[in-house]
Structures are given as C-alpha cells and as structure tokens.
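Q: Okay, sequence plus prediction incoming.
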There are 2 protein chains.
Amino acid sequence: MSTTLFRRITIIGVGLIGGSLGLRIRQKKLADKVVGVVRRKASLQKVLDSKAVDEVTTDLAEGIGRSEIVVIATPVGSIVEQVKSIVPLVKPGTVITDVGSVKAEIISSVEKTLPKGIFFVGGHPLAGSEKSGVENARADLFDKTVAILTTTPKTNPRAFRKIRDLWEGLGIEVRVLSPNDHDLILARTSHIPHLTAFALVAALQNGDESFVASGFKDTTRIAASDPTMWKDIFFSNRKALLKEIKSFQVRLEKITSLIQKEEQDKLLQELEKIQAKREKL
Amino acid sequence: MSTTLFRRITIIGVGLIGGSLGLRIRQKKLADKVVGVVRRKASLQKVLDSKAVDEVTTDLAEGIGRSEIVVIATPVGSIVEQVKSIVPLVKPGTVITDVGSVKAEIISSVEKTLPKGIFFVGGHPLAGSEKSGVENARADLFDKTVAILTTTPKTNPRAFRKIRDLWEGLGIEVRVLSPNDHDLILARTSHIPHLTAFALVAALQNGDESFVASGFKDTTRIAASDPTMWKDIFFSNRKALLKEIKSFQVRLEKITSLIQKEEQDKLLQELEKIQAKREKL
C-alpha cells in the first residue's frame, strides 16, 4: 500500500516556482508521480536535469493524464487561458490550482468558465526571487514563507482541503484570504515595493552608477526581476495597485512635507515610529 | 625613522563609521597614533574593547592634541558645531575632514567660520549599515566602496591631497565632486531610497506583517536605520532631496499611468529598459 498522499500531480510550467514545488513534492515523497508540462521542446532536457519532476512532456493531454491535482505555474497573464485548455482534458473531480501573484481577476474569470465537477482553488506561495528558470529552483524555496490559499463562496470545501493538504504536507504554513484581500495585501507588501524599486532605478542619472552603495542595491534588487512577469502582475492587479499606490504616495508626501516645512521634531517622531515597525518584521 | 604616513590622527565620534575608519587606519599602519574622542564616559570602555583607536578620551582638547588630521565622524546634524569647537584647539596647518552623508549646507557654513591656516575638506565614504555603534565597526566596512571628497574654490590643495592620501592609503578609491553634485547624486542613490523604504513600511497595514516576504524585507532593510541620523540627513539635504523626489515621483507616475491606461506594450518596454539598467549595476 502506498503511503503517499497523492497518486499523480501535474505541474504546468516548470520554472523557478513550478520546479521548486516539484523538487519539494519529490523530497517529501508526497506523490507517486510528479509530471511536468513545458511549452518548448528545448526545455525538456533542462527540466529532466533539474530532477524537479519524474516525467516531463510538451503534450498537455499526456502530461495531465489522470492527475488528481493540476498546478498551473505559468506566468500570471496566462493562467486563465491555461485553465480553459486544461478543463477538457482532466478527469472528473480534478482540482486545479495555481501559484500566481494576483488572484481576484483570475479567479473571477476562472469561476465563470469552470464546468461542474472540476474544481479550482487559488494559491500563492510567498516565495520568489529576482532569478527565474528551473535552473534556480530549490526544494527549500518555500521554507520560512507561507502559502496563501484563496476561497470564495463558490470554493468546493473538499477541493480546498486537498490543496491545503498539499502545501501543509510540504511543511508550508497555509493562510486563507479572499481574493480581494490577497490582492490588496500583496499590493502593499510586494507589488508597490517592486514599483518603487523600478522607479528608483529609472530615476538614476548617467554617472550615478559609480556612487551606488549597498543600500541602493538592496532596495532595488527586485528591479532586476523579469519584466514580462511584472508587467503581467502589475496589469492583473491594477485595481488594488492603483488604490494602494495612492496610500503609499500619501505616506511619502507626509514625510516629504515634514522635511519641507522643517518640522524636525515631527519628522523624528515619524521616523522613530516607522523604524520600530520595521524592526518588528 | 617612522614609515607611517601620519603621526597622529584624531577621530571625533567613534561609532560605526569612525570606529571602522580607526580599525582600518590601524590595520594599514597609516598613523603612529589614532586617538578617539567620545561624548559620554560610558562609551570609553566599549571603544577600547573594539580596538578601533589607540587611545580614547572624552576631553576634546586632549583628544585633538597635536593631530595633523581631525576626522569628524559624528552625526550630520552636529558637524558644523563640532568644527566650531575644534578650531580653537588645533595647531596651525591642521586639516579637518568629515564623513557626513550631506555636504553643501555643511561646507558652506564651515567655510564661513574657518580661520586662516586651518583647513577643511569634506569627505564621505559610501559605506554604512542599518546597524550603528562601534560594536558593529569593521576594518573592511569601506571595501568595494568609494570615498567621495568634495572641493570648492576655497579648498586648499595641500589639505585636499592630505585627505586623499589618507583614503587612498587605506586602499579606498577616491572620487571628487562639488558639494552640490554630491548632494544631488546622494539624494538619488541613497536618500530617496531611504525615504521610499520608510514610506513603504509606513503604508503597511495591521496584519500585513504575516505576508511579508524577502522582497519587502530587502527593499525596506534600510528603514531600520537610525531615525535621528536620517532625520538629520533628510533635513540637511532638503534642497537636493525635494528637487530629486519630484523626479522620482515623475518616474513612478509614468509607470503607474501605463498600468492605469492598460498600455501593456509600453509598460513592458519601460520595465525592460529599467531591468537592463539595474542589471548593469
């Protein structure tokens, strides 16, 4: 008798996140078989070399087979289309999940197209790197982070538990949020920091490069992230992002205005409050 | 015959920067004696334990003695006052320098008060940390960074060469800028990144803490920096800062507006340009 939790899991898109998930599932022996699906034949050997999956194919139907869980780990901008192409190929009862950084728009579209008996649970492990590709995948990428799962009134409880068991089985803490809350929180904790990092680099003038020290480098490390991925994230999350960017600008204006008005005491109080908040993270 | 470059150097303020400078001067055997001056008696033992200086005292006159170089390594907000209190105590020909993160306002004040035969050369090694205090000082803190020295029409060439020889003797590359250029460049490469890091932390809402990943932590590491130090820097450099913050806001608005107008192609082009610029740093 098999002691694994799942018989067969398919991962669509075996890059940094999909690859790290595959490595972790195999490390934890959570499934009898992990199958990867990639778009380009040229990626097949690289994925096999990474040992992130047991098998890899470019054929979507073959890759899905009779998997009970299909994880979509392709860029945010393609998730809805991926669900549409997967749905006709899966067996009844299959749970589709994703690892995308944006949730509301995707889940709203997916829930409109999902037939009865096929389930979707939105997921987002809070891990990442400015590096991409399966060659940077690591079984411990998700250590010390949490995986967010989103639920809506349409979420099937058994499907939800299956995806929760997957992440918890990998040793990763699960937090549950609504898609809207997820998108607002991620706007504040990830998307706007990326936006400001991009803007800081954009504002550098010719010749400034020689005077850049560790502070600037750390603050803008994430501006070296994949532009296509971030275009997709900014675009998919534009509603929450545009709301939260206003609140960031208000905070920036507040500090700037204290500097302008030469309010040294109030400026110090404000920075002390912020520093204490940062130290608690 | 002594082979050291300097006979006696005094460092006023033996914290992270002053302490690291002392350690480095001693490591490179650049002076016969390095003397530290601290404000509080309680700091004496800590400074001695750090081995950053040969001697340490709270008595300014005793600390300065017949030193040929006096380095002011106290917070930016106190540099001008420090120069005023040092001037009556130094021997003719002494060169005073500093390591402050802001230059124009300080140097303009100092040059107005400096008597004939006492010299000042503005300095700023581009090193630092969100940590402070002599207990975090390291002889290699300035490795892989540059030391900026500023010159004005009033700068004495021999005094300038003395301070240049000090930094180069420590193995640190020297770059020369005008005080105004220094302040504008540092606004873009350091002060505004600190300002945005503070604003990003300020914009976090209750409960967001559990969803903070490595991207946010790196981007806001510098928001854990000493509030008093940064209040002083922001305030001393307010002219350049308020000018450059506008240009940062223009860049941020540009990206935000591409997201808002759903200009996906232009957004991608913009992010690609920025990412390439970041990768070259």
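A: Received, thanks. The structure displayed is predicted, hence computed values, not measured ones.
Q: Let me know whether the lowest-mean-pLDDT helix or strand in chain A sits next to chain B.
A: Lowest by mean pLDDT, DSSP states H and E among the helices and strands of chain A is helix A:214-220, with a mean of 89. Yes: between helix A:214-220 and chain B, judged by CB under 8 Å from any CB of the partner chain, the touching residues are A:Ser214, A:Gly215, A:Phe216, A:Lys217, A:Asp218, A:Thr219, A:Thr220. C-beta: built from backbone N, CA, C; applies to glycine.
Q: Identify each buried residue in that helix, please.
A: Within helix A:214-220, the residues scored as buried using 16 or more other CB atoms under 10 Å in any protein chain shown are A:Ser214, A:Gly215, A:Phe216, A:Asp218, A:Thr219, A:Thr220.
Q: for stretch A:195-207, same thing?
A: A:Leu195, A:Thr196, A:Ala197, A:Phe198, A:Ala199, A:Leu200, A:Val201, A:Ala202, A:Ala203, A:Leu204.
Q: low-scoring pLDDT stretches of the stretch 101-250 of chain A, where are they?
A: Under the criterion pLDDT under 70, the flagged ranges of the stretch 101-250 of chain A are A:130.
Q: Give me the subset of the buried residues of stretch A:195-207 that also touch chain B.
A: Near chain B, judged by CB under 8 Å from any CB, the entries from the buried residues of stretch A:195-207 are A:Leu195, A:Thr196, A:Ala197, A:Phe198, A:Ala199, A:Leu200, A:Val201, A:Ala202, A:Ala203, A:Leu204.
Q: ok, so of those residues, who is nearest B:Val134?
A: Lowest distance from B:Val134 to those (CB to CB) belongs to A:Leu200, with 30.9 Å.
Q: if you go through the stretch 51-200 of chain A in chain order, where are the strands?
A: A:55-57, A:69-72, A:95-98, A:119-125, A:146-150, A:173-177 (DSSP state E, counting those that start in this stretch).
Q: Quick one: mean pLDDT over the first one.
A: Per-residue pLDDT values across strand A:55-57 average out to 98.
Q: Pull the residues that contact that strand.
A: Residues outside strand A:55-57 that contact it (CB atoms under 8 Å, 6 or more residues apart in numbering or on different chains) are A:Val14, A:Lys33, A:Val34, A:Val35, A:Gly36, A:Val37, A:Val38, A:Ser43, A:Leu44, A:Val47, A:Leu48, A:Gly63.
Q: Helices of chain A, residue ranges please.
A: Secondary structure of chain A, counting by DSSP state H: helices at A:16-27, A:44-50, A:60-64, A:79-86, A:104-113, A:157-169, A:179-186, A:192-202, A:214-220, A:227-236, A:238-260, A:264-279.
Q: Pick the most buried one from those helices.
A: Highest mean neighbour count among the helices of chain A (mean count of other CB atoms under 10 Å in any protein chain shown): helix A:192-202, with a mean of 26.
Q: quick one: that one to helix A:227-236, angle?
A: Between helix A:192-202 and helix A:227-236, the angle formed by their directions is 130 degrees, by axes from the mean of the first three to the mean of the last three CA atoms, to 10 degrees.
Q: correct me, but A:Phe248 touches B:Leu200?
A: Yes: the criterion here is CB atoms under 8 Å, and A:Phe248 meets it with B:Leu200 at 6.8 Å.
Q: anything in contact with each of those two?
A: Common neighbours of A:Phe248 and B:Leu200 (CB under 8 Å, 6+ apart) are A:Ile192, A:Thr196.
Q: picking that back up, pipe the strands of the stretch 51-200 of chain A into JSON lines and attach mean neighbour count and distance to A:Leu5 per row.
A: JSON lines is the format used below for these (neighbours: other CB atoms under 10 Å in any protein chain shown; distance: least, CB to CB, whole Å):
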{"stretch": "strand A:55-57", "mean neighbour count": "19", "distance to A:Leu5": "19"}
{"stretch": "strand A:69-72", "mean neighbour count": "27", "distance to A:Leu5": "10"}
{"stretch": "strand A:95-98", "mean neighbour count": "26", "distance to A:Leu5": "13"}
{"stretch": "strand A:119-125", "mean neighbour count": "25", "distance to A:Leu5": "16"}
{"stretch": "strand A:146-150", "mean neighbour count": "23", "distance to A:Leu5": "15"}
{"stretch": "strand A:173-177", "mean neighbour count": "16", "distance to A:Leu5": "15"}
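Q: Including distance to A:Val134, could those go into CSV?
A: What follows is the strands of the stretch 51-200 of chain A, written out as CSV (distance: least, CB to CB, whole Å):
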stretch, distance to A:Val134
strand A:55-57, 10
strand A:69-72, 14
strand A:95-98, 18
strand A:119-125, 16
strand A:146-150, 20
strand A:173-177, 25
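Q: Which one, of the ones you listed, ends up nearest to B:Glu253?
A: strand A:119-125 (28.1 Å).
Q: ok, and what's touching the closest one?
A: Outside of strand A:119-125, the residues within contact range by CB under 8 Å, 6+ apart are A:17, A:21, A:71, A:83, A:93-101, A:103, A:106-107, A:110-111, A:114, A:142, A:145-151, A:155-156, A:158-160, A:162-163, A:167, A:172, A:179, A:182, A:186.
Q: Contacts for stretch A:29-49, please.
A: With CB under 8 Å, 6+ apart as the contact definition, stretch A:29-49 has outside contacts at A:2-14, A:18-19, A:22, A:25-26, A:52-60, A:63-65, A:67, A:134-135, A:166, A:169-170.
Q: In contact with A:Thr97: list those residues for me.
A: A:Thr97 is in contact with A:Ile69, A:Val70, A:Val71, A:Ile72, A:Phe120, A:Val121, A:Gly122, A:Gly123, A:Ile163, A:Leu166, counting by CB under 8 Å, 6+ apart.
Q: From the residues you listed, pick the one nearest chain B.
A: Of all the contacts of A:Thr97, chain B sits closest to A:Gly123, with 13.9 Å by CB to the nearest CB.
Q: Quickly note the distance from the closest one to B:Gly13.
A: Per CB to CB, to the nearest Å, A:Gly123 is found 52 Å from B:Gly13.
Q: how deep is A:Lys28 tucked in, by neighbour count?
A: By other CB atoms under 10 Å in any protein chain shown, 14 other residues sit near A:Lys28.
Q: give me phi/psi at the spatially closest residue to it that is not a sequence neighbour?
A: Nearest residue to A:Lys28, sequence neighbours excluded (CB to CB, 6 or more residues apart in numbering or on different chains): A:Leu170, at 5.6 Å. Per-residue torsions, A:Leu170: phi -90, psi 0 (degrees, to the nearest 10).
Q: What's the separation between A:Leu170 and A:Asp232?
A: Applying CB to CB to A:Leu170 and A:Asp232 gives a distance of 25 Å.
Q: now A:Thr196
A: Here the criterion is CB to CB. By it, A:Thr196 lies 19 Å from A:Asp232.
Q: Kindly report the same for A:Lys217.
A: In terms of CB to CB, A:Lys217 sits 25 Å off from A:Asp232.
Q: Max pairwise distance over the contacts of strand A:55-57: which two?
A: A:Lys33 and A:Ser43 (19.3 Å).
Q: Not including adjacent chain positions, what is the nearest residue to A:Ile192?
A: Closest residue in space to A:Ile192, ignoring its immediate chain neighbours: A:Phe248 at 5.3 Å, by CB to CB, 6+ apart.
Q: quick one: which two of the residues of helix A:214-220 next to chain B are the most distant?
A: Distance extremes for these: the farthest pair is A:Ser214 and A:Thr220 at 11.1 Å, using CB to CB.
Q: what do the two both touch?
A: When CB under 8 Å, 6+ apart defines a contact, no residue borders A:Ser214 and A:Thr220 alike.
Q: circling back to that earlier point, in this structure the residue nearest to A:Lys28 contacts A:Ile25, no?
A: Yes: A:Leu170 is within contact range of A:Ile25, at 6.7 Å (criterion: CB under 8 Å).
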